[in-house]
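Chemist: here's a sequence, model it:
(one chain, ligands or ions: 1)
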Amino acid sequence: MSVTGKDFGIIGGGIGGMAAAIAIAQLGGRVTVYEQAAKLAEVGAGIQISANGLAVLKELGVDPEFAGPASRPQAVELRDYKAGRFVARIRQNHNPDYPYLQLHRADLMTALVVRADALGVMVKLGARAEILDAFVERPEIRVGDTTQTFDTIIAADGVNSKTRQDWFEAGAARFTGQVTWRATIPADDPDAPTTVYMGKGKHLVTYPLRGGKMMNIVAVQERKEIAAQDWENTDTPENLHAAFAEFGGEAKEILSQVKDVRVWGLYGHPPLQTWWRANVALLGDAVHPMFPFMAQGACMALEDASVLARKLDETDSIRLGLARYGTTRMRRASKVQRLAARNGKMFHLSNPLLRFIAQSALTVISTVMPRFLERRFDWIYKNNISQEVGFYVITGFLFGR
Ligand SMILES: Cc1cc2nc3c(=O)[nH]c(=O)nc-3n(C[C@H](O)[C@H](O)[C@H](O)COP(=O)(O)OP(=O)(O)OC[C@H]3O[C@@H](n4cnc5c(N)ncnc54)[C@H](O)[C@@H]3O)c2cc1C
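Modeler: Sure, this is the predicted structure:
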């Protein structure tokens, strides 16, 4: 019961921060969110939310389709980059108990903001916040000349978290040697599968958005040249085309339709061993920034928010609640973080022999034992760690898990 009537300051109004605000406000906490941007907004791109993330949204009373229709892909298709040769198909949304939605980020953010507002969460915009002293009974947040004290501070300040660097003895996020372009193009196919075109040191992902009226494009390339980590960083379609010049067939046709594109560097930080200190906790990308190759960064932030609020509510001691949050979340989130990095290596295989072996194995498995691939990530989506055991050894061998 360390939530009811207590004051919570949350630094960062991204998906993680807003979810935490809702989870805590639902249990009776008084919440103030500090966001440095002038408005609570997300980039004009898609986001995939799997069953584990959707379960949290439901628990938070957030309707993911409040502001716009989602897409429900029937499958993920893996294809080779050259001519789009089919490699494997993995069904999705075949079990209604475990849905998988693709949402426009702006729609998801609107749904979170509306719910937070209904619960009385106070949001301070244009407020770049910092913690004055994390190791006191009531830590303080400073914005400009003003300060405010709280019972607990949650830092959901993203991959470049200043809180992580100031108070958790952790360094700055580093460029991972990979950049990503994002774009949307008009489309008219609600049933289009999610498609991953796998190339040498790069891959392209496409999926439908807003009921198929848009197609979301994410293109990832390994490269030495650093790109800024700025979601507003625009690039020219020509640069994107040049980077993916060897991609043929459908992939080439899709890329040729891109008119506006943004590019930014993927930055990362190894898994942290410390998620909380005194009355301050880290959440979301601030504590477990991950490659987007499992589409789990936001889902993990949603899970963090749910567990954090519940663990705090289970005890009268804030510090004990935060400790339980950290120990409950650390292993699972770090594991997904590592898995996402390895998934990228599988997509990007450059050695022709390894590519042939890996792609042939995927084709055979998806034809002969389709459920094997479908169930490979049950331990993430169904949020039940025990289900992974039967698949661990073989998938570990094939995909380096
Ligand atoms: C290309 C790409 C595709 C992805 N696709 C998926 C997907 O399909 N599914 C999925 O689950 N995840 C996906 N992710 C990951 C997901 O986007 C992130 O994990 C998630 O958005 C992290 O949310 P967050 O709230 O922790 O951090 P952020 O979204 O980074 O929010 C942090 C917020 O804190 C604010 N802030 C920072 N410092 C301060 C300060 N000092 N004071 C006040 N405010 C501050 C920032 O302005 C920002 O609004 C993808 C990521 C990328 C790069």
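
Chemist: does residue 141 fall in a helix, a strand, or a coil region?
Modeler: Using DSSP: H, G, I helix; E, B strand; the rest coil, the three-state assignment for residue 141 comes out as strand.

Chemist: show me what the strand ranked longest in the chain is packed against.
Modeler: Ranked by residue count under DSSP state E, the longest strand found in the chain is strand 174-186. Of the remaining helices and strands, those touching strand 174-186 by 3 or more Cβ pairs under 8 Å, 6 or more residues apart in numbering; DSSP states H and E are strand 214-222, helix 237-243, strand 261-268. (Glycine included, C-beta is placed from N, CA and C.)

Chemist: out of these, deepest packed?
Modeler: Each of the helices and strands packed on strand 174-186 was given a mean neighbour count from mean count of other Cβ atoms under 10 Å, and the largest, a mean of 22, is that of strand 214-222.

Chemist: neighbouring contacts of that one?
Modeler: Contact with strand 214-222 is made by 45-46, 102, 104, 177-187, 189, 192, 201-209, 240, 243-244, 254-255, 258, 266, 292-293, 344, 347-348, as judged by Cβ atoms under 8 Å, 6 or more residues apart in numbering.

Chemist: now a ChimeraX select for only the buried ones of the residues you listed.
Modeler: Typed into ChimeraX, the line below selects the buried ones among these, using 16 or more other Cβ atoms under 10 Å:
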select :45,46,102,104,178,179,180,181,182,183,184,185,187,192,202,203,204,205,206,207,208,209,240,243,244,254,255,258,266,292,293,344,347,348
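
Chemist: restrict the contacts of strand 214-222 to those near the ligand?
Modeler: When Cβ under 6 Å from any ligand atom is taken as the criterion, the members of the contacts of strand 214-222 that contact the ligand are 180, 182, 292.

Chemist: my read is that the second one contacts residue 43, right?
Modeler: The reference is to residue 182. Yes. Under the contact definition of Cβ atoms under 8 Å, residue 182 touches residue 43, with a separation of 7.1 Å.

Chemist: which neighbours do these two share?
Modeler: With Cβ under 8 Å, 6+ apart applied, the overlap between the contact sets of residue 182 and residue 43 consists of residue 262.

Chemist: spell out which parts of the stretch 301-401 of the chain neighbour the ligand.
Modeler: Residues of the stretch 301-401 of the chain found near the ligand, taking Cβ under 6 Å from any ligand atom as the criterion, are residue 301.

Chemist: flag the shaky bits of the stretch 301-401 of the chain, pLDDT-wise.
Modeler: In the predicted model of the stretch 301-401 of the chain, residues 384-401 satisfy pLDDT under 70.

Chemist: residue of it closest to the ligand, please.
Modeler: Distance from the ligand to each residue of the stretch 301-401 of the chain (Cβ to the nearest ligand atom) is smallest for residue 301, at 4.4 Å.

Chemist: now do the contacts for that residue.
Modeler: If you count contacts by Cβ under 8 Å, 6+ apart, then residue 301 has 14-16, 19, 156, 283-285 around it.

Chemist: residue 375: neighbour count?
Modeler: Using other Cβ atoms under 10 Å, residue 375 has 18 neighbouring residues.

Chemist: now render the helices and strands packed on strand 174-186 as JSON lines, adding distance to residue 10 and mean pLDDT.
Modeler: Supplementary listing: the helices and strands packed on strand 174-186 in JSON lines, determined by distance: least, Cβ to Cβ, whole Å; pLDDT from 0 to 100:
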{"stretch": "strand 214-222", "distance to residue 10": "28", "mean pLDDT": "96"}
{"stretch": "helix 237-243", "distance to residue 10": "36", "mean pLDDT": "97"}
{"stretch": "strand 261-268", "distance to residue 10": "22", "mean pLDDT": "93"}
